[in-house]
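K.L.:
got a sequence here, can you model it:
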Amino acid sequence: MPDRLLDAVRVLDLSNGVADAVTRLFADLGADVLKVEPPGGSPGRDALPTLANASIPFAVHNANKRSAVLDPFDEDDCYRFLDLAAEADIVVDTGLDEQGAMFGTSGEELAARYQHLVVLSITDFGATGPRSSWRATDPALYAMCGSLSRSGPTTGTPVLPPDGIASATAAVQAAWAAIAAYCNRLHCGTGDYIDFSRFDAVVMALDPAFGAHGQVAAGIRRTGRWRGRPRNQDAYPIYPCKDGYVRLCVMAPRQWRGLRRWLGEPEDFQDPKYDVIGARFAAWPEISVLIQALFAEQTMKDLVTAGQAHGVPIAAVLTPSRILGSEHFQAVGAITDAELVPGVRTSVPTGYFVVDGEHAGFRTPAPAAGQDEPHWRGNPAVVRSPSGRLGDYPFAGLRILDLGVIVAGGELSRLFSDLGA
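P.N.:
Numbers count the residues shown, from 1 in each chain. Reported below is the predicted structural model:
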């Protein structure tokens, strides 16, 4: 593969557990990520569940990295630690649990000591404030950010999604913050200290409440509006079929007209008023009866094919085992067979990124503790003289044509525009 996007970047990984996924993203893109572990290895190596007595989360989130063991009670190792930090570009720690504290320093102190460093300190609720000492599980973050308020039936107990969604959302936001700060360093020559709150990240980025309506509709202030969990549970309805389930999205008028054609143009629903989502939702119990009858004896594959032909967004609801064998995932290389832990091959996700047609993902399994020497690979990157000033927006001058819609489009381009694009 040609040079990867972050080939020249050195990342000192002092993270433990929740931040491992952040540095995995850097490693996927080619950064030299060196994980510093204490004698005996990181506590994250014991995280459940396991495969062949090895932690699956640790194996997945530490692929493509290197590992060095340093003893904080060894004076020479303390000097080696500072040498590594001095020659790094980005340092990632996990706040109160950070490895740096074992060596008599902190992320904030490293950032002050080495002006070029970008230090990303990741905690559940930030380093200051009344909740700074709190700890949060993934379900707690999901609930506190507001997303759980829209999950499950209108009354009764909310339904938790699969574990890891909130943490993965925070990890991507943390990686973005560090990369933006690194770009700023290239621009002005000075690094930064980032006090990163996972809670703040999921509030900002995990399925914000306006995602159900669109930013404009949700911003309209009205009296007497329903404030509980959504009463209409059919915005993205799931229906049983011959061999499983499928899920629809019928929001835009063109999607509704496609569904109507698919249903054989039922006479009761020809009125143009049903192009308006409110009228359609009010009649959805009757429409749903027609859908159930149409879907009952058809397979997921046939329904997806027919739905796409009619312009109706539709997808099979796959179980984990079916996902691994999914024709789409296999065709695009999203799943690969790899030695996840020593001596055990299994199916693993390749990674998020495709760059110039090549997957920038899983290459090497998570290293054994102390597998590598505490040194950086190769020579440091040649840094050009900075052309900007400290305080300038790092993406000023960057031009972005935003063709996105709803949440993903609006939020993605906003991240760039907030920093000057």
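
K.L.:
can you list the domains in the chain?
P.N.:
Domain segmentation of the chain under automatic domain parsing yields 10-206+333-390, 238-323.

K.L.:
ok, then the element right after whichever helix in the chain runs longest?
P.N.:
Secondary structure of the chain per DSSP state H: the longest helix is helix 165-188. Sequence-wise, the next helix or strand downstream of helix 165-188 (DSSP states H and E) is strand 192-197.

K.L.:
that next one - contacts with which helices or strands?
P.N.:
Here strand 192-197 touches helix 107-113, strand 118-123, helix 165-188, going by 3 or more Cβ pairs under 8 Å, 6 or more residues apart in numbering; DSSP states H and E. The way it works is simple: take the backbone N, C-alpha and C, and place the C-beta from them, glycine included.

K.L.:
okay, buried residues for the helix or strand following it please.
P.N.:
As assigned by DSSP H and E, the chain's next helix or strand after strand 192-197 is helix 198-205. The neighbour-count check on helix 198-205 (16 or more other Cβ atoms under 10 Å) flags 198, 199, 200, 201, 202, 203, 205 as buried.

K.L.:
how about the nearest residue to residue 43 once chain neighbours are set aside, secondary structure?
P.N.:
Setting aside the residues directly before and after it, residue 43 is nearest to residue 16 in space (Cβ to Cβ, 6 or more residues apart in numbering), at 6.2 Å. Here residue 16 is coil, with the state taken from DSSP: H, G, I helix; E, B strand; the rest coil.

K.L.:
surely residue 16 meets residue 41?
P.N.:
No - Residue 16 is beyond contact range of residue 41, at 11.0 Å (criterion: Cβ atoms under 8 Å).

K.L.:
those two - which one has more neighbours?
P.N.:
residue 16 (21 against 16; other Cβ atoms under 10 Å).

K.L.:
distance of the more buried one relative to residue 123?
P.N.:
11 Å (Cβ to Cβ, to the nearest Å).

K.L.:
repeat that for residue 286.
P.N.:
Going from residue 286 to residue 123 by Cβ to Cβ gives 51 Å.

K.L.:
for residue 191, same thing?
P.N.:
Relative to residue 123, and taking Cβ to Cβ, residue 191 is found at 19 Å.

K.L.:
between those two, who's got more neighbours?
P.N.:
residue 123 (26 against 23).

K.L.:
tell me the contacts of the more buried one?
P.N.:
Residues in contact with residue 123 (Cβ atoms under 8 Å, 6 or more residues apart in numbering) are 94, 95, 96, 132, 195, 196, 197, 198.

K.L.:
partner residues bridging it?
P.N.:
Judged by DSSP bridges, the bridge partners of residue 123 are residue 197.

K.L.:
can you tell me the SS state at residue 345?
P.N.:
strand.

K.L.:
list phi and psi for the nearest residue to residue 166 once chain neighbours are set aside.
P.N.:
Closest residue to residue 166 apart from its sequence neighbours, by Cβ to Cβ, 6+ apart: residue 141 at 4.0 Å. Residue 141 has phi and psi values of phi -60, psi -40 when expressed as degrees, to the nearest 10.

K.L.:
pLDDT at residue 141, what is it?
P.N.:
Residue 141 is assigned a pLDDT of 95 by the prediction.

K.L.:
surely it and residue 164 touch.
P.N.:
No - Residue 141 is beyond contact range of residue 164, at 10.6 Å (criterion: Cβ under 8 Å).

K.L.:
shaky segments in this structure?
P.N.:
Counting by pLDDT under 70, the chain contains low-confidence ranges at 1-2, 96-99, 208-220, 225-228, 230-234, 382-383, 406.
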